[in-house]
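Participant: what follows is a predicted structure for the sequence shown.
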Amino acid sequence: MPGYIEDRWYKKDATGKRTVPTDRHGQGKRYKVTGIPGVRARSFTRLTGPEGAQAWLAKAQHESTRGEFVDPRDGAILLSSYVQDHWWPSQNYPDPSTRATVWGKVKNHILPHLGAVPLNAIRTPQLRAWLKALNGQLGPSTVHDVWGSLSAILQAAVDDERITKNYCRSQKSVRPPARPEPRAEAWSRERVLLVREAIEERVRLAVDLGVGAGLRQGEVFGLAVEDVDWEGQTLHIQRQVKKVGSKLCFALPKGRKTRSVPVPPYLLERIREHLERWPARAVTLPWGDPGEGETEKELKERAPRTFELLLPAPRGGAWRRDYFNDRFWKPALEKVGLAAPPQVIRRPVAGRPGVTRTVRKYEEDREMGFHSLRHTFASVHLDARENPVAVSKWLGHADASITLRVYAHMMPAADGRGRSALQTWFEGPQRISPNAPQAVEPAVSLSGTLPGSRVGEPDVETAASL
């Protein structure tokens with residue numbers, strides 16, 4: 001097999017023994033393994049001895065022959081260097097907000113703990129210590145996501161042939177907490193009305209849109225006059241307002257799916273009343289990504305667009321979700337006793353030494369978030385026995401299975417309708433006696449109908465299931 005060990009300190013004499021000192025005698029590492037195709041040469045010290053060099057030669061020859069050789073020197077790079085110079089520049093996220101979220105997790109929860117550790121040194125003990133620190137700071141869902149981000153980085157390093165193993169995937173003794181199953185909680189009518197009355201009047205329409213059409217908060221802020229179909233009693237959900245970093249932009253709704261939602265006359269009347277007091281205002285924002293485009297295609301796609309928003313911010317722009325929640329939503333919850341008073345903090349103002357500002361920080365509570373209004377919308381429809389497929393479409397879910405998984409507990413319990421349908425089927429045009437012998441019919445008749453059903457009519461079981 002190709003490859004050999006070179007002794008840099010001695011060369012052979014006339015008898016073939018290595019007794020003649022070379023010009024490099026006593027300088028640097030003595031033994032050099034080289035001559036293996038595709039494998040960089042590696043040197044070993046005198047203390048390692050020819051045995052260490054021989055073991056490396058055998059390992060490199062075996063693994064290179066099978067195409068599995070990974071040079072450990074490539075894995076000696078620090079995690080922070082690998083992420084910043086190799087992994088992150090190669091990542092491609094179509095959604096800029098997703099890109100910002102992923103980088104935030106890497107920057108805030110991975111690099112501060114493991115950034116100074118070489119890639120090939122991130123093993124079970126390091127992961128165990130890191131996971132313990134995360135569990136003490138973050139919730140289970142966030143820990144799960146951060147762990148996934150590190151696993152993606154290490155797997156990329158495996159694919160780049162820098163390390164041989166991704167310990168985030170291969171270890172059973174160190175695992176992140178399971179992501180909690182989402183359980184949507186709807187609000188009662190009384191609670192919705194309490195919050196609606198407590199919130200400032202000029203943004204009250206946001207509550208109506210959330211509970212009356214199941215809109216996400218960004219979709220509420222992005223709803224325009226052109227999206228209201230007064231005659232068809234329908235809202236067309238075509239965009240949302242997104243925050244990417246510190247900037248806002250218009251974008252398609254979540255999942256890049258537009259949709260139309262039928263709404264009750266009450267909600268349309270509320271929109272009319274709102275527009276009479278607070279007229280819509282034209283707002284211009286970039287589309288899809290607030291960052292400057294680098295190519296002609298990106299410049300064209302991100303070109304600013306203008307829409308007459310139903311709920312513009314007081315100064316004429318679009319609402320920032322965090323500002324809306326801290327100034328309007330959470331104070332309304334506090335007012336009706338659904339949220340504890342905020343913690344008042346003094347924070348320094350960037351770039352202005354000695355100047356501080358007051359910040360009111362509310363405790364996070366997912367059950368009291370604006371998204372609860374969307375859950376209530378789903379709950380009302382499902383409790384009224386609306387088709388889950390239709391509800392899924394109105395919510396903008398990718399498919400009905402998501403709706404059923406999240407909202408199944410909101411559907412009414414079985415009330416015996418299936419039992420009644422079966423009774424009708426057995427009675428049919430000719431009652432089936434439980435004691436009388438019956439002729440055995442084939443499972444499926446030649447006409448393609450179920451036994452006992454009339455040709456040309458849907459069988460009762462199928463009709464009841466639609």
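Facilitator: The structure has been received and is ready for your questions.

Participant: low-confidence regions, the stretch 151-300 of the chain specifically.
Facilitator: Residues of the stretch 151-300 of the chain that meet the criterion pLDDT under 70 lie in 171, 182-183.

Participant: please enumerate the helices of it.
Facilitator: Applying DSSP state H, counting those that start in this stretch to the stretch 151-300 of the chain gives helices spanning 167-170, 189-198, 204-213, 217-222, 265-277, 296-301.

Participant: make CSV from the ones you listed and add mean neighbour count to it.
Facilitator: Quick note: C-beta positions are derived from backbone N, CA and C, even for glycine. Formatted as CSV, the helices of the stretch 151-300 of the chain follow (neighbours: other C-beta atoms under 10 Å):
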stretch, mean neighbour count
helix 167-170, 14
helix 189-198, 16
helix 204-213, 24
helix 217-222, 26
helix 265-277, 14
helix 296-301, 11
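
Participant: can you tell which of these is closest to residue 249?
Facilitator: With C-beta to C-beta as the measure, helix 217-222 is the member of these nearest residue 249 (10.1 Å).

Participant: still on that earlier bit, between the helices of the stretch 151-300 of the chain, which one is closest to residue 375.
Facilitator: Residue 375 lies closest, by C-beta to C-beta, to one member of those: helix 204-213, at 9.3 Å.

Participant: and the closest one, what other elements does it pack with?
Facilitator: With contacts taken as 3 or more C-beta pairs under 8 Å, 6 or more residues apart in numbering; DSSP states H and E, helix 204-213 sits against helix 189-198, helix 217-222, strand 234-237, helix 265-277, helix 371-383.

Participant: C-alpha coordinates for the fourth one, CSV please?
Facilitator: The C-alpha trace of helix 265-277 is given here as CSV (Å, rounded to 0.1, in the frame of the first residue of the first chain):
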residue,chain,number,x,y,z
PRO,A,265,-71.3,40.6,9.4
TYR,A,266,-70.5,41.8,12.9
LEU,A,267,-66.7,41.9,12.1
LEU,A,268,-67.3,43.8,8.9
GLU,A,269,-69.4,46.4,10.8
ARG,A,270,-66.6,46.8,13.3
ILE,A,271,-64.1,47.4,10.4
ARG,A,272,-66.5,50.1,9.0
GLU,A,273,-66.8,51.8,12.4
HIS,A,274,-63.1,51.7,12.9
LEU,A,275,-62.3,53.3,9.5
GLU,A,276,-64.8,56.1,10.1
ARG,A,277,-62.9,57.1,13.2
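
Participant: can you map out the helices along the stretch 301-450 of the chain?
Facilitator: 321-324, 330-335, 371-383, 388-395, 400-407, 417-427.

Participant: of the helices of the stretch 151-300 of the chain, which is nearest residue 407?
Facilitator: Among those, helix 204-213 comes nearest to residue 407, with 14.8 Å by C-beta to C-beta.

Participant: which outside residues touch the closest one?
Facilitator: With contacts defined as C-beta atoms under 8 Å, 6 or more residues apart in numbering, helix 204-213 is touched by 187, 192, 195-196, 199, 215, 217, 220-221, 223, 235, 237, 261, 263-264, 266-267, 270-271, 274, 310-311, 324, 370, 373-374, 376-377, 394.

Participant: change it to 6 Å
Facilitator: 192, 196, 215, 220, 235, 261, 263, 267, 270, 274, 311, 373, 376-377 (C-beta atoms under 6 Å, 6 or more residues apart in numbering).

Participant: angle of it against helix 265-277?
Facilitator: Helix 204-213 and helix 265-277 meet at an angle of 160 degrees, taking axes from the mean of the first three to the mean of the last three C-alpha atoms, to 10 degrees as the criterion.

Participant: what helix or strand is the most centrally placed residue in the chain on?
Facilitator: By C-alpha atoms, centre = their mean, the mean C-alpha position of the chain lies nearest to residue 98, the distance being 7.5 Å. For residue 98, the host element (DSSP states H and E) is helix 96-105.

Participant: and that helix, which residues are buried?
Facilitator: Across helix 96-105, burial judged by 16 or more other C-beta atoms under 10 Å covers 96, 97, 99, 102, 103, 105.

Participant: one step back: quick one: closest of the helices of the stretch 151-300 of the chain to residue 85.
Facilitator: helix 167-170 (20.8 Å).

Participant: by contact count, what packs against the closest one?
Facilitator: Helices and strands touching helix 167-170, by 3 or more C-beta pairs under 6 Å, 6 or more residues apart in numbering; DSSP states H and E, are helix 140-159.

Participant: give me the contacts around the helix it packs on.
Facilitator: Here helix 140-159 makes contact (C-beta under 6 Å, 6+ apart) with 87, 105-106, 109-110, 119, 134, 163, 166, 168, 176-177, 179-180.

Participant: returning to that earlier point: packing partners for the helix holding residue 98?
Facilitator: With contacts taken as 3+ C-beta pairs under 6 Å, 6+ apart, helix 96-105 sits against strand 240-244.

Participant: can you list the strands that the strand it packs on pairs with?
Facilitator: Strand pairing for strand 240-244, using DSSP bridges, gives strand 247-251 (antiparallel).

Participant: and the partner strand, what's buried?
Facilitator: Quick answer for strand 247-251 (16+ other C-beta under 10 Å): 248, 249, 250, 251.

Participant: list of residues touching it?
Facilitator: Applying C-beta under 6 Å, 6+ apart, the contact partners of strand 247-251 are 239, 240, 241, 242, 285, 286, 287, 288, 290, 305, 318.

Participant: now the angle from that strand to helix 96-105?
Facilitator: With the same axes, to 10 degrees defining the directions, strand 247-251 sits at 140 degrees from helix 96-105.

Participant: now strand 247-251 - C-alpha only, CSV.
Facilitator: Taking only C-alpha atoms (Å, rounded to 0.1, in the frame of the first residue of the first chain), the coordinates of strand 247-251 have been written out as CSV:
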residue,chain,number,x,y,z
LYS,A,247,-36.3,46.5,10.7
LEU,A,248,-39.8,45.9,9.4
CYS,A,249,-41.0,44.5,6.1
PHE,A,250,-44.1,43.1,4.4
ALA,A,251,-44.0,39.4,3.6
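
Participant: so where's the stretch 301-450 of the chain uncertain?
Facilitator: Low-confidence regions of the stretch 301-450 of the chain, defined by pLDDT under 70, span residues 409-419, 422-423, 429-450.

Participant: re the thing from before, can you redo the buried residues of helix 96-105 as TSV with pLDDT and distance to residue 138?
Facilitator: Formatted as TSV, those follow (pLDDT from 0 to 100; distance: C-beta to C-beta, whole Å):
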residue	pLDDT	distance to residue 138
96	83	24
97	82	20
99	86	20
102	91	15
103	92	17
105	93	10
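
Participant: and those, which two are the farthest apart?
Facilitator: Spanning the widest gap among these are 96 and 105, at 15.4 Å by C-beta to C-beta.
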